[in-house]
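A.B. asks: Structure for this input, please:
(chains A and B)
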Protein chains: 2
Amino acid sequence: MAALRASSLLRPATRAARHPTVSKLPARAFSVSFARAASSLFPEEPARPTVKTEIPGPVSKKYIEDLHEVFDTRSLNMLTDYTKSIGNYIADPDGNVLLDVYAQIASIPLGYNNPALIAAAKTPDMVNAIVNRPALGNFPSHDWASILRSGILKAAPPGLNQVFTAMAGSDANETAYKAAFMYRRQQERGGPTVPFTDEEISSSMNNSSPGAANLSILSFKTGFHGRLFGSLSTTRSKPIHKLDIPAFDWPQATFPLLKYPLDQHVAENEAAEAASLAEVEHLIKTHPAPPAAVIVEPIQSEGGDNHASPAFFRGLRDLTLKHNVLFIVDEVQTGLGATGKLWAHEHWHLQTPPDMVTFSKKAQAAGYYYANPELRPNLPYRQFNTWMGDPARALLFRAILSEVRAHNLVERTAQVGAHLFAGLERLAAKYPDQVANLRGKDRGTFIAFDSPRRDDVLKTAKTLGVNIGGSGASAVRLRPMLVFEEGHADILLETLETIVSS
Amino acid sequence: MAALRASSLLRPATRAARHPTVSKLPARAFSVSFARAASSLFPEEPARPTVKTEIPGPVSKKYIEDLHEVFDTRSLNMLTDYTKSIGNYIADPDGNVLLDVYAQIASIPLGYNNPALIAAAKTPDMVNAIVNRPALGNFPSHDWASILRSGILKAAPPGLNQVFTAMAGSDANETAYKAAFMYRRQQERGGPTVPFTDEEISSSMNNSSPGAANLSILSFKTGFHGRLFGSLSTTRSKPIHKLDIPAFDWPQATFPLLKYPLDQHVAENEAAEAASLAEVEHLIKTHPAPPAAVIVEPIQSEGGDNHASPAFFRGLRDLTLKHNVLFIVDEVQTGLGATGKLWAHEHWHLQTPPDMVTFSKKAQAAGYYYANPELRPNLPYRQFNTWMGDPARALLFRAILSEVRAHNLVERTAQVGAHLFAGLERLAAKYPDQVANLRGKDRGTFIAFDSPRRDDVLKTAKTLGVNIGGSGASAVRLRPMLVFEEGHADILLETLETIVSS
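C.D. replies: As a prediction, this is how the structure comes out:
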């Protein structure tokens, strides 16, 4: 195994690292004087991180050894004791308690052991949902409409009022793709009442055209939309995700990789966005498997926190309307408030809402929103599976949304994000080689920057009590929860300064 | 919409209905004298069904109308009040209480509102799992190994001792396919330490060979393995599942559709099984996208409850070993006891266990079991996603398994199944045109028969207080829970006789 190195596979194939120089930081102990984190929502939250041992420590190592016998632990980041984790702090069995700005790959919305969510988990409704899991398409409960209206649909993006529920981000995207394919073929066929031909019916059973449609989903290079077979065919972030897995020959357009600081690269960035849109239009017009939909992340997350301007996304929306291609916005990572809006695409001020918006992660439930009634396939059982979602997670989403609204956590995240971004701007000015391409201004706490020694930064941060994730080739990816406050941001900033100044 | 008829799309394209004659049964009320259902596990279960209104009744109709505004209800079978459902009985808001032998498409293991599962749902562990959902690949909890060992892995099929956890049956199968593809390419490459070539890395990012492998999964006609893009490419049950969805050009072999009664068609059935195996071998040797694995259901469920002999499956296992193709057994519907064994493939007495066994439904958790350490991909993050399963559902599976063992429910299901099968044999002898091709002998309660008026039988059964599902073109599919007892079987038998004798 020694001859095999994973690192190159984890980097985007289509984007050169911004910082070729890599310097090594010794993994020694640091002495940091932390600010007081004054959490208004978690009075029992610790004031600061505690690092008692190396991570993993001796107790964790024993657990990991045991787990590895039955479960692959090679991607293990930190063995966690969730019973001891609280609010923004993640704990391990060795007594280490870290400020967590990775949050289970951006999927914990309101802190560990949030009292409001614990209360929701103890309700008779939740117990009922856990023990009596329905086949929602066949046997929905009498209160399913009420659960949807008071939760998932209450969070629906502007202009969308329907939902198809799923299990996680990958199948949320894939069922959205299926809806797009059925819609497109229905249009080509002449409408919802035109029956399938015998040839379509028989060829569908042989996985061949015309029954199995020769259509595609257009996605962007460095984008990530999941790892099942359809979603993986649209994922273009890293070779490690894709190697050896059969894929559909679907088109990919270049994502406009902006240069920073933005105000110093206005013309270049506009040109990059225009070129990307031109490529999209060219692919829509010429690809041998015509795209039924374009899918895009508001901020490419796994692929390196790549942003584009609202004007770019409006242009993309216009193109899809012009060419009668559906527009799917993948808000699996950006959704639910972290960008300072409930949905990141609200920053774009679209004239026409997306056709579908997919969600998962912080919602703790998954699926896609839509509005056009023709996106319900023309016959029942075309978009169907046994569980079709999970009422237990829908109840949790409702409790999350209620808490988000009660404490104005989206607005708070915008404020805290501005504080954090300002602090990072100071670091970027002071250590321009270490904190580069700072991005996420006015996008809440959904912030990233590039580091020439990214993997060391993440590793060292952990020894200093902060759990941070990476994305793409060189990005330090900040994904705090919605209960992250200025005091937490100050601990993060001080820790980062300790690292980048060393 | 009037011109469009769904019925033909819901029938297998590759199998003619066994009974061309369809007679109509008037949907009138019947007077049935029910046997007393003596449930030993649910003392509060009703003694018999109650049908107070048409189904859906007036209250249900209002709920359905409301739900339809935001959620597709065209596949709705029965609006359910789970709070009033108990044991083997499913209730609706109109006061109807039906004996349920469909059980949420075969996915409720131990009855509605099972007290042991309610107790499990109220534990601090469950509350913790609901509110602190981990990214299992990165941040597993300290007790994750213990949860696996005391639950999911305690149920592992003979010879298998590892698990990769998933969300539902479709992604359980798809992640098993991915493991198969990575394993096969690794063998072709020369082992786990041989690095990927530059061409593989770059072509993978373009969805093209060799990086995106030109390999396939071989499945059987009339089989069902899920409805996402990879799993749907192996699903061959009904056009309605597949129309308009792009699919991989993967091979399909004919499933040996046996003739009944088995003892009168020994030679024909042996010939059909031999022909099927020959076809599998031919496809393995000649298909342009070589199969990395063969996937098969022990009993094709969605496709019509199609059985084959243990000898056939042993032959299939031998073929896969001979040609170095992996053998995946899809136990999503057959698993967890309903066939009178914990895993249906235990009926085959294989010399070499399957390479992977997938599960979901009654387990309430999902994933695939395996044993070969090389089925763990050679590098981390190759088989990975954010949640990678759900500890809440793993805890529920543990409680289910514990209850199954405490009450010997697998053995009980074998006994009750024998009682039910004997009763159906009597009906088949008395009404041979109405109860045809009875199958599932010695397979617990996993029993089906064909009816020339199947859809009417299901509809009428509901008016008589029994909720039954169908499968394939003409099968009445019985899928009782593991808490189904002789008394319930007698109610079912009496109801069926009322219908078929009319």
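A.B. asks: Show the residue spans covered by the helices in the stretch 151-300 of chain A.
C.D. replies: All helices of the stretch 151-300 of chain A, identified by DSSP state H, counting those that start in this stretch, fall at A:169-189, A:198-205, A:229-234, A:239-242, A:266-286.
A.B. asks: any idea which of those helices is most buried?
C.D. replies: helix A:229-234 (a mean of 28; mean count of other CB atoms under 10 Å in any protein chain shown). Heads up, the C-betas are built off the backbone N, CA and C, glycines and all.
A.B. asks: could you dump the helices of the stretch 151-300 of chain A to a markdown table with distance to residue A:66 and mean pLDDT?
C.D. replies: Shown next, in a markdown table, are the helices of the stretch 151-300 of chain A (distance: least, CB to CB, whole Å; pLDDT from 0 to 100):
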| stretch | distance to residue A:66 | mean pLDDT |
| --- | --- | --- |
| helix A:169-189 | 29 | 98 |
| helix A:198-205 | 47 | 98 |
| helix A:229-234 | 31 | 98 |
| helix A:239-242 | 26 | 97 |
| helix A:266-286 | 49 | 98 |
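A.B. asks: how many neighbours does the residue of the stretch 351-500 of chain A found nearest chain B have?
C.D. replies: As assessed by CB to the nearest CB, chain B sits closest to residue A:380 within the stretch 351-500 of chain A, at 3.5 Å. Using other CB atoms under 10 Å in any protein chain shown, the number of residues around residue A:380 comes to 17.
A.B. asks: center of chain A, which residue is that?
C.D. replies: Residue closest to the mean C-alpha point of chain A, counted by CA atoms, centre = their mean, is residue A:333 at 1.7 Å.
A.B. asks: mind listing what's buried in the host helix or strand of residue A:60?
C.D. replies: Using DSSP states H and E, residue A:60 maps to helix A:58-68. By 16 or more other CB atoms under 10 Å in any protein chain shown, the buried positions in helix A:58-68 come out as A:59-60, A:63-64, A:66-67.
A.B. asks: doesn't residue A:395 fall inside a strand?
C.D. replies: No: using DSSP: H, G, I helix; E, B strand; the rest coil, the secondary structure at residue A:395 is helix, not a strand.
A.B. asks: does residue A:479 really touch residue A:104, like I thought?
C.D. replies: No: under the criterion of CB atoms under 8 Å, residue A:479 is not in contact with residue A:104, lying 9.1 Å apart.
A.B. asks: if we can go back for a sec, list the helices and strands the helix holding residue A:60 packs on?
C.D. replies: helix B:144-150 (3 or more CB pairs under 8 Å, 6 or more residues apart in numbering or on different chains; DSSP states H and E).
A.B. asks: okay, the helix it packs on in PDB with CA atoms only?
C.D. replies: What follows is helix B:144-150 as a C-alpha-only set of coordinates in PDB (Å, rounded to 0.1, in the frame of the first residue of the first chain):
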ATOM      1  CA  TRP B 144     -21.000   2.600  17.000                       C
ATOM      2  CA  ALA B 145     -19.000  -0.700  17.000                       C
ATOM      3  CA  SER B 146     -21.100  -1.900  19.900                       C
ATOM      4  CA  ILE B 147     -24.300  -0.900  18.200                       C
ATOM      5  CA  LEU B 148     -23.300  -2.800  15.100                       C
ATOM      6  CA  ARG B 149     -22.100  -5.900  16.900                       C
ATOM      7  CA  SER B 150     -25.100  -6.100  19.100                       C
END
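A.B. asks: do it and chain A meet at all?
C.D. replies: Yes: using CB under 8 Å from any CB of the partner chain, helix B:144-150 reaches chain A at B:144-145, B:148-149.
A.B. asks: Residue A:377 against residue A:180, yeah?
C.D. replies: No: under the criterion of CB under 8 Å, residue A:377 is not in contact with residue A:180, lying 10.8 Å apart.
A.B. asks: Which residue comes closest to residue A:136 once chain neighbours are left out?
C.D. replies: Spatial nearest neighbour of residue A:136, excluding adjacent residues (CB to CB, 6 or more residues apart in numbering or on different chains): residue A:388 at 4.1 Å.
A.B. asks: in its sheet, what does the helix or strand of chain A with the lowest mean pLDDT sit against?
C.D. replies: Least confident helix or strand of chain A, by mean pLDDT, DSSP states H and E, is strand A:469-471 with a mean of 95. If you go by DSSP bridges, strand A:469-471 pairs up with strand A:475-478 (antiparallel).
A.B. asks: List the contacts of the partner strand.
C.D. replies: Strand A:475-478 is contacted from outside by A:101-102, A:301, A:304-305, A:420, A:440, A:445-451, A:454, A:457-458, A:468-471, A:492, using CB atoms under 8 Å, 6 or more residues apart in numbering or on different chains.
A.B. asks: Just the ones of these in helices?
C.D. replies: Secondary structure from DSSP state H places A:420, A:454, A:457-458, A:492 of the contacts of strand A:475-478 in helices.
A.B. asks: Can you pick out the most distant pair from these?
C.D. replies: Within the ones in helices among the contacts of strand A:475-478, A:420 and A:454 form the most distant pair, 18.4 Å apart (CB to CB).
A.B. asks: ok, those two, which is more surrounded?
C.D. replies: Legend: neighbour count by other CB under 10 Å for residue A:420 and residue A:454, higher for residue A:420 (25 against 22).
A.B. asks: what's the burial count for the closest residue to residue A:69 other than its chain neighbours?
C.D. replies: The shortest distance from residue A:69 to any non-neighbouring residue, by CB to CB, 6+ apart, is to residue B:145 (7.6 Å). Around residue B:145 there are 22 other residues, counting by other CB under 10 Å.
A.B. asks: buried ones in stretch A:120-133?
C.D. replies: Buried residues in stretch A:120-133 (16+ other CB under 10 Å): A:120-122, A:125-133.
A.B. asks: Those residues also near chain B: which ones?
C.D. replies: Counting by CB under 8 Å from any CB, A:120-122, A:126-128, A:130-133 from the buried residues of stretch A:120-133 sit close to chain B.
A.B. asks: And the furthest pair within the residues you listed?
C.D. replies: Checking those with CB to CB, the most distant pair is A:122 and A:133, at 18.1 Å.
A.B. asks: hang on, the earlier thing: what is the nearest of the residues of helix B:144-150 next to chain A to chain A?
C.D. replies: The closest of the residues of helix B:144-150 next to chain A to chain A turns out to be residue B:145 (CB to the nearest CB; 3.9 Å).
A.B. asks: what sits against that closest one?
C.D. replies: Listed by CB under 8 Å, 6+ apart, the contact partners of residue B:145 are A:63, A:66-67, A:69-71.
A.B. asks: so how far is residue B:123 from it?
C.D. replies: Look at residue B:145 and residue B:123: by CB to CB, to the nearest Å, they are 18 Å apart.
A.B. asks: likewise residue A:335?
C.D. replies: For residue A:335, the distance to residue B:123 - CB to CB - is 31 Å.
A.B. asks: Residue A:220 now?
C.D. replies: Distance of residue A:220 to residue B:123, given as CB to CB: 44 Å.
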